[in-house]
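Participant: Pasted the sequence and its predicted model underneath.
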Amino acid sequence: MSGDADSPENQPKTPEQLSQELAQASAPGRRLLDRALERQRDGSYSDPYVEAKNLPREYIAALQSPRDRPPTAEEVAAARKASIGIAVETAFQTLQSVPIDRRGNDSAASLYKLNDALKNAAGFVMMNETTHPDLLAEVVRESIARRSHVSPDQIDVSPEQLKLRGKNMLSNSIKKLTRAADDAQSAKKF
């Protein structure tokens, strides 16, 4: 019977299980952060599409594994939220970016890497939709509030609309990065 005290999901997790869950929960966010930092370090691109310095610090901190002890269930949940939050923030930044230079000075390989990381994170978002149905809406609400300089409870939008907005942003930013990478690849041929 689901929800039963003896069911596997209600049993305490071992430190190894928690460590594995933390690694899985933080991987999509770390991958996006790594791609953003790579593009930032290179510095030769006309548009970074996502800037690591503009990602919420609490998300970046939540991706770190504790070094001196096994993670807690709360740290796993925070890493899951951070990965979804970094995906949403990456989508927001990508959609707001305007490439300055269309002469192909961007690296197609770098854009494809960023795009692949965002696709992976979008898959992670969808995978978590069934087990954590309100998490995407919560993250999108917080992201909108951060951009509007208001508290999240002042964002009067239904959870369903927030989830739809988050999914659309992820989809549209993936399309934008795909086009940009394809354009950069085409420009190198000429």
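Facilitator: That came through fine.

Participant: What's the separation between the most centrally placed residue in the chain and residue 156?
Facilitator: In the chain, the residue lying closest to the centroid (Cα atoms, centre = their mean) is residue 87, at 1.8 Å. Residue 87 sits 24 Å away from residue 156 when distances are taken as Cβ to Cβ, to the nearest Å. Any C-beta I mention is one placed from the backbone N, CA and C, and that applies to glycine too.

Participant: Let me see the backbone angles for residue 172.
Facilitator: With angles defined as degrees, to the nearest 10, residue 172 sits at phi -70, psi -40.

Participant: What about the spatially closest residue to it that is not a sequence neighbour? Give its phi and psi, please.
Facilitator: Nearest residue to residue 172 in three dimensions, chain neighbours excluded: residue 95, at 6.0 Å (Cβ to Cβ, 6 or more residues apart in numbering). The phi/psi pair for residue 95 (degrees, to the nearest 10) reads phi -70, psi -30.

Participant: list the helices and strands the helix or strand harbouring residue 143 packs on?
Facilitator: In this assignment (DSSP states H and E), residue 143 forms part of helix 135-148. With contacts taken as 3 or more Cβ pairs under 8 Å, 6 or more residues apart in numbering; DSSP states H and E, helix 135-148 sits against helix 73-96, helix 108-128, helix 159-189.

Participant: just those: most buried one?
Facilitator: Of all the helices and strands packed on helix 135-148, helix 73-96 has the most neighbours on average by mean count of other Cβ atoms under 10 Å, namely a mean of 22.

Participant: what about that one, distance to the chain center?
Facilitator: Distance of helix 73-96 from the chain centroid (Cα atoms, centre = their mean, to the nearest Å) equals 4 Å.

Participant: before we move on, what about stretch 55-66?
Facilitator: Centre-to-centre, stretch 55-66 and its host chain are 12 Å apart (Cα atoms, centre = their mean).

Participant: Show me which residues of that stretch are buried.
Facilitator: Buried residues in stretch 55-66, defined by neighbour count with 16 or more other Cβ atoms under 10 Å: 55-56, 59-60, 62-63.

Participant: how long is that stretch from one end to the other?
Facilitator: Using Cα to Cα, to the nearest Å, the end-to-end distance of stretch 55-66 comes out at 21 Å.

Participant: Just the residues contacting that stretch, thanks.
Facilitator: 19, 22-23, 26, 29-30, 33, 36, 52, 71, 75, 78-79, 81-83, 85-86, 89-90, 146 (Cβ atoms under 8 Å, 6 or more residues apart in numbering).
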